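> sequence unknown, structure follows:
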């Protein structure tokens, strides 16, 4: 057995193990069956579990999610794949109007144990509609849980937890990190949904990140040593629920906070995080909360995306700005 595994392999293992453990788990979406998905996350599922439990669908995202709603209502645990982040929008009405609201609409009589897997974020040199950050829409929607792993270990553990949850989960997979590896063997068990983790400790400032930006934040923490700084990196793991206790405790100790995400700056997750820190850790702050984000523009052509995406240098510049107060 290999002594390392990638984030993509961890997700594939989680799906295999979930389907083996519970015959109610079904997987479907565009090209997930015979092909195994465009990123091969569903590789070998159809061969092992049959076409009744892993199957391809037409190119109709509203139909994919709508079908999953009906399956979940009748006792199955569907896991659907939206092939790319930008393809989510045709299903947005189903997600917001029904997936998020059915439990409340029925006063808890009906739950929706379903997972919507969405490869998201940039960094792969893709064309339009293939590099988006839809987490702000989803996290804003009451009734949805929004989970995003930043490491292979969390990819396995959080996907298993999401499939076992009775609540609908939007599971955002950082596609640029699919083939990055971790040491060890699967399966692994990390903390449950809604638990942030301090990836590296520090005293100069707290850097808050999630999903694809976690490795970037960790690289910034390594580079910060050249400046004599120690950065504490907090990986949120989920955007709804957020582990505010871990965030506030870290910022209270360091006195400075930098929030990093690929989503647009205006009205992005960083705005809510900054507001909450300002309220809960106001007297500990030595500087305003600073955001390092994508731009308030459509996602750029691939030749420009390295200028658009948050980088190690931009994070370090933000820390330097914070220290200037």
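On my side now, so go ahead. None of the values given here were measured: they were computed from a predicted structure.
> Which elements pack onto the longest helix along the chain?
Longest helix in the chain by number of residues, with DSSP state H as the criterion: helix 7-21. Secondary-structure packing of helix 7-21 (3 or more C-beta pairs under 8 Å, 6 or more residues apart in numbering; DSSP states H and E): strand 25-29, helix 45-49, helix 152-164, strand 169-174. Any C-beta I mention is one placed from the backbone N, CA and C, and that applies to glycine too.
> need these in JSON lines with distance to residue 96, mean neighbour count and mean pLDDT, can you?
Converted to JSON lines, the helices and strands packed on helix 7-21 look like this (distance: least, C-beta to C-beta, whole Å; neighbours: other C-beta atoms under 10 Å; pLDDT from 0 to 100):
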{"stretch": "strand 25-29", "distance to residue 96": "19", "mean neighbour count": "24", "mean pLDDT": "98"}
{"stretch": "helix 45-49", "distance to residue 96": "28", "mean neighbour count": "17", "mean pLDDT": "98"}
{"stretch": "helix 152-164", "distance to residue 96": "19", "mean neighbour count": "24", "mean pLDDT": "97"}
{"stretch": "strand 169-174", "distance to residue 96": "11", "mean neighbour count": "26", "mean pLDDT": "98"}
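> For the ones you listed, give me TSV that also has distance to residue 316.
TSV is the format used below for the helices and strands packed on helix 7-21 (distance: least, C-beta to C-beta, whole Å):
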stretch	distance to residue 316
strand 25-29	39
helix 45-49	42
helix 152-164	25
strand 169-174	21
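> Looking at these, which is nearest to residue 112?
Distances from residue 112 to each of these were compared by C-beta to C-beta, and the smallest falls on strand 169-174, at 9.6 Å.
> Find the residue ranges of this protein scoring beneath the pLDDT cut-off.
1-2 (pLDDT under 70).
> how about the strands in it?
Secondary structure of the chain (DSSP state E): strands at 4-6, 25-29, 54-56, 77-81, 115-120, 145-147, 169-174, 181-183, 197-200, 205-209, 231-235, 238-240, 257-264, 290-294.
> Would you mind splitting this structure into its domains for me?
Domains of the chain are assigned by automatic domain parsing as 4-183, 197-323.
> and of those, who's closest to residue 189?
The minimum distance between residue 189 and the domains of the chain falls on domain 4-183, with 5.3 Å, by C-beta to C-beta.
> what ranges do the helices span in the stretch 201-325 of the chain?
In chain order, the stretch 201-325 of the chain shows helices spanning 213-224, 244-254, 269-280, 305-308, 312-323, with DSSP state H, counting those that start in this stretch as the criterion.
> List the buried residues in the third one.
The neighbour-count check on helix 269-280 (16 or more other C-beta atoms under 10 Å) flags 269, 270, 271, 272, 273, 274, 276, 277 as buried.
> Isn't the last one up against residue 287?
When you say that, I think you mean residue 277. No: applying C-beta atoms under 8 Å, one finds residue 277 not in contact with residue 287, separated by 11.3 Å.
> a markdown table please, covering the helices of the stretch 201-325 of the chain and showing distance to residue 33.
Below are those laid out as a markdown table (distance: least, C-beta to C-beta, whole Å):
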| stretch | distance to residue 33 |
| --- | --- |
| helix 213-224 | 31 |
| helix 244-254 | 39 |
| helix 269-280 | 34 |
| helix 305-308 | 31 |
| helix 312-323 | 39 |
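> wait, which of those is closest to residue 146?
Within the helices of the stretch 201-325 of the chain, the stretch nearest residue 146 is helix 269-280; the backing value is 9.3 Å (C-beta to C-beta).
> Packing partners of the closest one?
The helices and strands touching helix 269-280, judged by 3+ C-beta pairs under 8 Å, 6+ apart, are helix 135-140, helix 244-254, strand 257-264, strand 290-294.
> Minimum distance to residue 304: which of those has it?
The closest approach between residue 304 and any of the helices and strands packed on helix 269-280, judged by C-beta to C-beta, belongs to strand 290-294 at 11.8 Å.
> quick one: contacts of that closest one?
Strand 290-294 is touched from outside by 122, 133, 257-265, 268, 270-271, 274, 308-310, 314-315, 318, 321-322, with contacts defined as C-beta atoms under 8 Å, 6 or more residues apart in numbering.
> which one of the domains of the chain lies closest to residue 190?
Checked against C-beta to C-beta, the stretch from the domains of the chain lying closest is domain 4-183, at 4.1 Å.
> shouldn't residue 233 be in contact with residue 207?
Yes: in terms of C-beta under 8 Å, residue 233 counts as a neighbour of residue 207; the distance is 5.0 Å.
> The two: which has the busier surroundings?
The residue with more neighbours, out of residue 233 and residue 207, is residue 207; 33 against 29, by other C-beta atoms under 10 Å.
> which other residues reach stretch 26-46?
When contacts are defined by C-beta under 8 Å, 6+ apart, stretch 26-46 is touched by residues 8, 11-12, 15-16, 19, 51-59, 64, 67-68, 71, 76-84, 117, 119, 173, 175, 178.
> mind listing what's buried in it?
Taking 16+ other C-beta under 10 Å as the basis for neighbour counts, the residues of stretch 26-46 that come out buried are 26-33, 36-43, 45-46.
> Thanks a lot, catch you later.
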